[in-house]
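Novice: starting from these lines, generate the structure:
(4 chains)
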2 protein chains.
Amino acid sequence: MVTIYDIAKQANVSAMTVSRVINNTGRISDKTRAKVRHVMEEMNYVPNAMARSLVLQKTNIVSLLVTDITNPFYTTLARGAEDAARAHGYKLLLGNSDEDLVKEKEYIETILSTRVDGVLLTPASDNSKEQLEALMRHGTPFVAIDRDVPGITCDAVVGDSVGGARKLIDHLVELGHRVIALVGGTFDVSTARERHDGYREALEANGLPYDEQLVFQTGYRLQDMEQAVERLFALNPAPTAILAGNNLLALGLLQSFRRRGIETPGQMSIVTFDSLGYRDLIDPLFTTAEQPAYRFGELGITMLIERIEGRAEVQPRRKVLLNELIIGSSTGEPQP
Amino acid sequence: MVTIYDIAKQANVSAMTVSRVINNTGRISDKTRAKVRHVMEEMNYVPNAMARSLVLQKTNIVSLLVTDITNPFYTTLARGAEDAARAHGYKLLLGNSDEDLVKEKEYIETILSTRVDGVLLTPASDNSKEQLEALMRHGTPFVAIDRDVPGITCDAVVGDSVGGARKLIDHLVELGHRVIALVGGTFDVSTARERHDGYREALEANGLPYDEQLVFQTGYRLQDMEQAVERLFALNPAPTAILAGNNLLALGLLQSFRRRGIETPGQMSIVTFDSLGYRDLIDPLFTTAEQPAYRFGELGITMLIERIEGRAEVQPRRKVLLNELIIGSSTGEPQP
DNA sequence: TTGAAAGCGCTACCAG
DNA sequence: CTGGTAGCGCTTTCAA
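Specialist: A predicted model of the protein is given here:
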């Protein structure tokens, strides 16, 4: 591997001079600079970022840890994060925790050992507290994204889950629905909790009873859902609409209904958060509270880098990004 | 930051002993090991991967560079790559070249300077040759994935584009189509070229004429496509079916047809490669030659790591992954 | 304007 | 079984 010493020898200068040329620091004569540059070209020199990081104590790498890389919401978020990181001269180390605390912990370990400058992450659940505390202990700046963790005060970019749920329920009520179920993620995830809060508040604001029987906590995994669907239809009176905790749950519910010959929106309306992309193709198109996924990533990275570079106020900052109600074809008036 | 020297001092041993405990090398008394372990726990010690890499000349990082992170084919591929990398104890540094040679070049520079152990990449086009040569010059192992680059002999995992195109055209011919257009990517991308080859071969095998007028080279970007669509309908005889170069082009064509009030498959059948995910929801579901995206990533990383670790034969290996014809609802008999 | 020495945190190598 | 020394490639500090 070619090092600054190889360049130095070839150019008849010291390693320091080469270093100065690379970093544009100090005063160097044009002639020396030109010669060094020439030799670097000739020898295909590429600086060793690790050696550099070791002495500078700075890697210019930020980590993005999401819970599901195949979910379009996170893909788009990742894209925003990547663009922003690039624009600020940082590299992005991507990880996927799969909603799994063990994997998350392993990734945090990796992150710590890589000495990345900062971390943007979607905590798997409230139990991620331990991992976030590890980051704090090691002085690694981080920004929580999409989800909050109780007991941790840190920079965060989150959505307006309560408001989104309220809008969605209001929409269903306007259509005439009176019995609305919630199939949400488990309540150890802040978004699931808040969507539940919004659901409850909206029901009460509309003078409808809140009934625990209508609330299903299932994992965000599709297979966990079948049981809920079973019980859903055993209820009396049966719900005519469902608020799904996220885009994938909505998809799972729809597929489950189809297998049972239940039509959406005819027999069961569905509303949810975020989208699955391909707006023009998906049928039915879900009625959804769509969050600005790209912006989540972009803003998250920007806040993170401000923090890393000491340009952020000391107080943790919490940014709430609003969602937009998109009326699709997964909702209609309840059947008589 | 806590180092092995801090641990050493606290445990009353030398740094070397700490190093040996960390790496499980050499012989250490159980008592010493226990003491060192204890101190490491207590001080929240996390090894510095960079310092380690610097001396070992090994980072345990592999890079994945794709051309479009929002394309589900690449997302799924990335997921396969990530799982495989993790399983082998490597970290994944993700990049997105956006089909852009300049971005690609920048990423290769970053990759080189990070001294990653290897690279898995989808070359943006034949002009990526220069970048691949840079990797070779620096002795960085890499595996080309999804696309070949003429003039470069290297490990590669590619699809059977020719075979896929033939199956798709055969299917259309069986349905009764006689005038079939090709809207492909630009021919400086190997998959676009090969899909064109398969298209041509299949036409000839079916005794149909190959007509250059029916072949449209458009970028893989949706906006480049409108012109092609315009000309498509000016043709006489007008085609009744189209082979779209990839999933996103198929999507763009469909959207374009819808805006013009042209029905699929009624007035125009569409076939393509890969899918957009959400098989049950998309309407129409494209008839497609679906490639094993996850396997692309998984196998690519596996081959890469074999190469890195010297477990691969010296000769470059080229693995072709077959696709599967999925009959969807975007194809039907031509209208009389 | 340029260079020499020291050290970032770690491990290979050789001694004991 | 344990420790000392040297060096990975780079930049900071001080000196010339």
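Novice: only C-alpha atoms from now on, for both contacts and neighbour counts.
Specialist: Fine.
Novice: residue A:47 touches residue B:111, doesn't it?
Specialist: No: under the contact definition of CA atoms under 8 Å, residue A:47 does not touch residue B:111, with a separation of 10.9 Å.
Novice: the more surrounded of the two?
Specialist: Looking at residue A:47 and residue B:111 with other CA atoms under 10 Å in any protein chain shown, you find the greater number of neighbours at residue B:111, namely 26 against 20.
Novice: just the element for that one, please.
Specialist: If you go by DSSP states H and E, residue B:111 is part of helix B:101-114.
Novice: what's in contact with the next helix or strand after that helix?
Specialist: Following the chain from helix B:101-114 toward its C-terminal end, the next helix or strand by DSSP H and E is strand B:118-121. Surrounding strand B:118-121, the residues in contact under the criterion CA atoms under 8 Å, 6 or more residues apart in numbering or on different chains are B:61-66, B:111, B:140-145, B:300-301, B:304-305, B:308.
Novice: does the helix holding residue B:111 come close to DNA strand D?
Specialist: No: applying CA under 7 Å from any atom of the strand, one finds that helix B:101-114 is not in contact with DNA strand D, the shortest distance being 8.2 Å.
Novice: chain center to that helix: distance?
Specialist: Relative to the chain's own centre, helix B:101-114 is displaced by 17 Å; criterion: CA atoms, centre = their mean, to the nearest Å.
Novice: buried residues of it, list them for me.
Specialist: By neighbour count with 16 or more other CA atoms under 10 Å in any protein chain shown, helix B:101-114 contains the buried residues B:101, B:103-105, B:107-114.
Novice: stretch A:327-336 now?
Specialist: Taking 16+ other CA under 10 Å as the criterion, stretch A:327-336 shows A:327-334 as buried.
Novice: avg pLDDT for it?
Specialist: When pLDDT is averaged along stretch A:327-336, the result is 92.
Novice: near DNA strand D, which residues of chain A?
Specialist: So far as CA under 7 Å from any atom of the strand goes, chain A lies against DNA strand D at A:1-5, A:15-16, A:19-20, A:22-23, A:46-49, A:51-52, A:54-56.
Novice: report pLDDT for the residue in the stretch 151-300 of chain A that DNA strand D sits nearest to.
Specialist: Evaluated by CA to the nearest atom of the strand, the stretch 151-300 of chain A has residue A:300 as its residue closest to DNA strand D, separated by 27.4 Å. Per-residue pLDDT puts residue A:300 at 98.
Novice: in three-state terms, label it for me.
Specialist: Of the three states, residue A:300 takes helix under DSSP: H, G, I helix; E, B strand; the rest coil.
Novice: repeat that for the one 4 residues further on.
Specialist: Three-state secondary structure (criterion: three-state DSSP) places residue A:304 in helix.
Novice: so it touches residue A:145, yeah?
Specialist: No: counting by CA under 8 Å, residue A:304 stays clear of residue A:145, with 10.6 Å between them.
Novice: ok so, going back, got the contact list for the helix holding residue B:111?
Specialist: Residues contacting helix B:101-114 (CA under 8 Å, 6+ apart): A:46-50, B:63, B:65, B:95-98, B:119, B:124-125, B:127-128, B:131, B:135, B:138, B:140.
Novice: average pLDDT for that helix, rounded please.
Specialist: With pLDDT averaged residue by residue, helix B:101-114 scores 94.
Novice: among the contacts of strand B:118-121, which ones are in strands?
Specialist: Judged by DSSP state E, the subset of the contacts of strand B:118-121 located in strands is B:61-66, B:142-145.
Novice: buried subset of the contacts of strand B:118-121?
Specialist: Listed as buried from the contacts of strand B:118-121 are B:61-66, B:111, B:140-145, B:300-301, B:304-305, B:308; burial here means 16+ other CA under 10 Å.
Novice: can you narrow the buried residues of stretch A:327-336 to ones near chain B?
Specialist: Counting by CA under 8 Å from any CA of the partner chain, nothing from the buried residues of stretch A:327-336 sits close to chain B.
Novice: same for the worst-scoring helix or strand of chain A on mean pLDDT, what does it pack against?
Specialist: Sorted by mean pLDDT, DSSP states H and E, the helices and strands of chain A end with helix A:226-234, the least confident at a mean of 83. With contacts defined as 3 or more CA pairs under 8 Å, 6 or more residues apart in numbering or on different chains; DSSP states H and E, the packing partners of helix A:226-234 are helix A:247-259.
Novice: tilt between the following helix or strand past the helix it packs on and helix A:247-259?
Specialist: Tracing the chain C-terminally past helix A:247-259 and defining elements by DSSP H and E, one meets strand A:269-273 next. Counting by axes from the mean of the first three to the mean of the last three CA atoms, to 10 degrees, strand A:269-273 points 160 degrees away from the direction of helix A:247-259.
Novice: whether strand A:269-273 contacts chain B - can you check?
Specialist: No: counting by CA under 8 Å from any CA, chain B has no neighbours in strand A:269-273; the shortest distance is 13.9 Å.
Novice: okay, the buried residues of stretch A:327-336 in TSV with distance to residue B:199 next?
Specialist: Conversion of the buried residues of stretch A:327-336 to TSV gives the following (distance: CA to CA, whole Å):
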residue	distance to residue B:199
A:327	41
A:328	38
A:329	38
A:330	39
A:331	42
A:332	44
A:333	48
A:334	49
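Novice: related to what we said a few turns ago, and the next helix or strand after the least confident helix or strand of chain A, what other elements does it pack with?
Specialist: Using DSSP H and E, the helix or strand that follows helix A:226-234 towards the C-terminus is strand A:241-244. In this structure, strand A:241-244 makes packing contacts with helix A:161-175, strand A:180-184, strand A:269-273, judged by 3+ CA pairs under 8 Å, 6+ apart.
Novice: ok, residue A:117 to DNA strand D distance?
Specialist: For residue A:117, the distance to DNA strand D equals 16 Å [CA to the nearest atom of the strand, to the nearest Å].
Novice: for that residue, what are its contacts?
Specialist: With the criterion set at CA under 8 Å, 6+ apart, residue A:117 makes contact with A:58-62, A:140-141, A:308.
Novice: make TSV from those and add pLDDT and distance to residue B:283 to it.
Specialist: Listed next are the contacts of residue A:117 as TSV, based on pLDDT from 0 to 100; distance: CA to CA, whole Å:
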residue	pLDDT	distance to residue B:283
A:58	94	49
A:59	94	46
A:60	94	44
A:61	93	41
A:62	96	39
A:140	96	46
A:141	97	45
A:308	96	46
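Novice: what is the nearest of those residues to DNA strand C?
Specialist: Among the contacts of residue A:117, and counting by CA to the nearest atom of the strand, the member closest to DNA strand C is residue A:58, at 10.8 Å.
Novice: having no further points to raise, I will conclude here.
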